[in-house]
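J.: need the 3D shape of this:
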Amino acid sequence: MSSAVIQPTAAHTATVIFAHGLGDEGESWREAISGEYENYRKPDELTIPARLPHVKWVFPDAPQQKVTANFGTQMPSWFDVFNIPVQPGQNLDDVPEDDEGMRDSVQIIDDLIDAEVKAGIPESRIVVGGFSQGGVLSLVTGLGGNDWRTKSTGDDRKLAGVVVLSGRIPLKDKFKSRISPHAISIPVFWGHGTADAVVHYRVAELSVEFLQQQLGISVHDQVGAPGINLRAYERMGHTSCKQEMDDLAAFLEYWKVRARFRRAFWRH
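T.: Numbering: from 1, shown residues only. Next up is the predicted model:
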């Protein structure tokens, strides 16, 4: 599986693995994170990689497969999608989901995590994230236990954090039964636009409410703390914006600051 990469410019001490959305490719998000085509950043304002020079970014490409919601068209997709858009009026328990496809893609992300661990970066210094369909995948990979995996990783993974942009929870009943025992202690940054017409903002709210009420995961406004930090972006559609990228950087920078006082995962 190919990946676009942003290499660290300082000693490599942490890694972010970020999955793109349906029909996209890793290179698009490499460009977005690197700020190559930004026209709104001030001349003296640092890009995200410049703010986090010790971080390696990996943007994998999803496999090509037929997508039912797009009339069977073959495109980059982490799993099959049966309904677009995802609306709050739907009973999310009854929405068909590609369980096998999700499990196969969790293995793709797991293999990337294992490669980073083999290279000397422990799980406690690895963040998984994604946009839209990739956000669903990051949620499953980061908070899900071994029952989400096609092969066991031994003990359930305990990553540094999870990033969900314009995403949602899949397979609610199965998610509950497959949750990792570490899920409540993992920081989650969840960003979503209030004008999202593909994955409606209310779907994100319902997803977060489920995680809070059914699984006991806290929801709060503390950047980098265990639990979910949900950020709403007014009038933003199914995309990202500068404020969301700044909030993402702050979420990741939290660990760098914290490391001055504790032996945490963003330690230089």
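J.: which other residues reach stretch 25-41?
T.: Residues outside stretch 25-41 that contact it (Cβ atoms under 8 Å, 6 or more residues apart in numbering): 2-6, 18, 20, 47-49, 57, 59-62, 76, 131, 240, 242, 245. Bear in mind the C-beta positions are built from the backbone N, C-alpha and C, glycine included.
J.: narrow those residues to those that are buried.
T.: Listed as buried from those are 3-4, 6, 18, 20, 47-49, 57, 59-62, 76, 131, 240, 245; burial here means 16 or more other Cβ atoms under 10 Å.
J.: run through the strands of the stretch 1-150 of the chain in chain order.
T.: 3-6, 14-19, 55-60, 64-67, 73-76, 126-131 (DSSP state E, counting those that start in this stretch).
J.: helices and strands around the fifth one, which ones?
T.: What that stands for is strand 73-76. strand 64-67 (3 or more Cβ pairs under 8 Å, 6 or more residues apart in numbering; DSSP states H and E).
J.: how distant is the strand it packs on from the center of its chain?
T.: In terms of Cα atoms, centre = their mean, to the nearest Å, the centre of strand 64-67 is found 21 Å from the chain centre.
J.: who's the residue nearest in space to the middle of the chain bridged to?
T.: Among the residues of the chain, the one closest to the centroid is Gly129, at 2.1 Å (Cα atoms, centre = their mean). Taking DSSP bridges as the rule, Gly129 bridges to Phe18, Val163.
J.: so how far is Thr15 from it?
T.: From Gly129 across to Thr15, the span is 11 Å (Cβ to Cβ, to the nearest Å).
J.: low-confidence ranges in the chain?
T.: For the chain, residues meeting the criterion pLDDT under 70 lie at 37-41, 89-95, 152-155, 255-268.
J.: which helix in it runs the most residues?
T.: helix 99-118 (DSSP state H).
J.: now do it: which elements does it pack against?
T.: Against helix 99-118 (3+ Cβ pairs under 8 Å, 6+ apart) you get strand 14-19, strand 55-60, strand 126-131, helix 133-143.
J.: out of those, which is closest to Arg168?
T.: Ranking the helices and strands packed on helix 99-118 by proximity to Arg168 (Cβ to Cβ) places helix 133-143 first, at 6.2 Å.
J.: chain center to the closest one: distance?
T.: Using Cα atoms, centre = their mean, the offset of helix 133-143 from its chain centre is 5 Å.
J.: for it, which positions count as buried?
T.: Result for helix 133-143 [16+ other Cβ under 10 Å]: buried residues Gln133, Gly134, Gly135, Val136, Leu137, Ser138, Leu139, Val140, Thr141, Gly142, Leu143.
J.: with stretch 108-116 instead?
T.: Ile108, Ile109, Asp110, Leu112, Ile113, Glu116.
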